[in-house]
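In: Fold the following, please.
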Amino acid sequence: MLYGNESISHYTRSNILIWMLMAFQAGVLNMGGFLACHRFVSHVTGFATFFGYEFTQKDRGHAWGMLIVPLFFLFGAMVSGYLVDIRVKLRKKPKYYIAYAVMLVLILVATLGGWWGWFGPFGASLEESRNGYLLLILLCFTCGVQNGTITSVSRSVVRTTHLTGITTDLGIGLVRIFNKKILGFEHTELVENEYKATSMRLGIITMFVLGSVLAGFVYPVAGFLGFLIPAFTTGVLLVSMIYFQIINPRKKQAAA
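Out: Residues are numbered from 1 along each chain as shown. Got it, this is the predicted structure:
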């Protein structure tokens with residue numbers, strides 16, 4: 001991923017490190033959204049559920065909000081599609097650094113906006129908060145860009161912003177491993193790959209949970225400034241992408 005070469009194995013050390021860090025970040029973001037305005041932000045399922053609930057209430061204003069906000073997760077994935085997926089299909093280097101720059105800007109806007117009081121007090125309900133939907137839009141957009149980017153680089157093998165798909169794949173993979181004798185020699189390569197994939201899936205689940213746990217301690221104390229944690233992780237990856245995708249190739253070209 002660092003080098004923009006999608007022909008490289010999915011399970012290179014650099015890719016795995018990035019996926020784990022992104023899963024950790026997603027856990028922090030999801031907990032931040034939940035503690036800030038009582039909504040999860042890294043998956044669309046929750047918004048669909050809340051839409052169903054709010055639609056049954058007398059005041060359906062929040063139902064339309066629950067319908068609109070996840071569209072920005074979609075828009076984020078589309079932005080990633082232009083920056084990564086389409087370029088890969090055209091055999092051009094994906095612009096990961098722009099995707100991470102977009103994420104960093106969105107997270108910083110959420111952080112500074114909360115600090116400056118744009119969203120009201122941290123922890124207020126969505127009904128009581130100021131511009132609470134704007135905060136949800138910023139966080140959902142960020143998660144959409146992140147999930148779209150990692151999905152593209154892993155060829156739809158990895159998701160880092162929610163765990164449903166990963167857990168499903170983990171269950172299927174474990175069954176393949178437990179039944180390797182039944183599958184026989186014919187499927188040896190499939191089973192060997194499942195060992196790597198299972199380790200990766202367990203790692204993503206663990207890192208997401210660790211991010212959520214850390215966030216559960218940090219946000220009640222730091223409030224909106226807790227979003228500086230995902231801002232830092234995104235910033236680290238942004239700098240890495242700029243170095244490996246822009247600076248390092250230019251150095252090699254100049255040396256040649």
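
In: Need the pLDDT of Ala48.
Out: Ala48 carries a pLDDT value of 85.

In: repeat for Leu83
Out: Value for Leu83, per-residue pLDDT: 93.

In: Next: Glu194.
Out: 82.

In: swap in Met31?
Out: On the pLDDT scale, Met31 gets 95.

In: how would you label it: helix, strand or coil?
Out: What DSSP: H, G, I helix; E, B strand; the rest coil gives for Met31 is helix.

In: How many residues are close by the closest residue to it other than its chain neighbours?
Out: Excluding the flanking residues, the one nearest Met31 by C-beta to C-beta, 6 or more residues apart in numbering is Ala215, at 3.6 Å. The way it works is simple: take the backbone N, C-alpha and C, and place the C-beta from them, glycine included. Residues contacting Ala215 under the criterion other C-beta atoms under 10 Å number 26.

In: Cross-check the contact I'm expecting between Ala215 and Phe24.
Out: No - using C-beta atoms under 8 Å, Ala215 is not in contact with Phe24, being 9.7 Å away.

In: that older thread, could you list every residue that touches the residue nearest to Met31?
Out: Contact analysis of Ala215 by C-beta atoms under 8 Å, 6 or more residues apart in numbering lists Gly27, Val28, Asn30, Met31, Gly32, Leu35, Gly226, Ile229.

In: same check, this time on Leu228
Out: Thr111, Ala222.

In: now swap in His43 and tell me
Out: His43 makes contact with Asn30, Cys143, Thr161, His162, Thr164, according to C-beta under 8 Å, 6+ apart.

In: from these, which single one is nearest Pro121?
Out: Pro121 has its nearest neighbour among the contacts of His43 in Asn30, at 20.2 Å by C-beta to C-beta.

In: which residues does the nearest residue to the closest one once chain neighbours are set aside contact?
Out: Distances taken as C-beta to C-beta, 6+ apart place Ser42 nearest to Asn30, at 4.3 Å, with adjacent residues excluded. Ser42 makes contacts with Ala26, Leu29, Asn30, Gly33, Leu139, Cys143, Asn147, Thr161, His162, as judged by C-beta under 8 Å, 6+ apart.

In: All good on my end, thank you.
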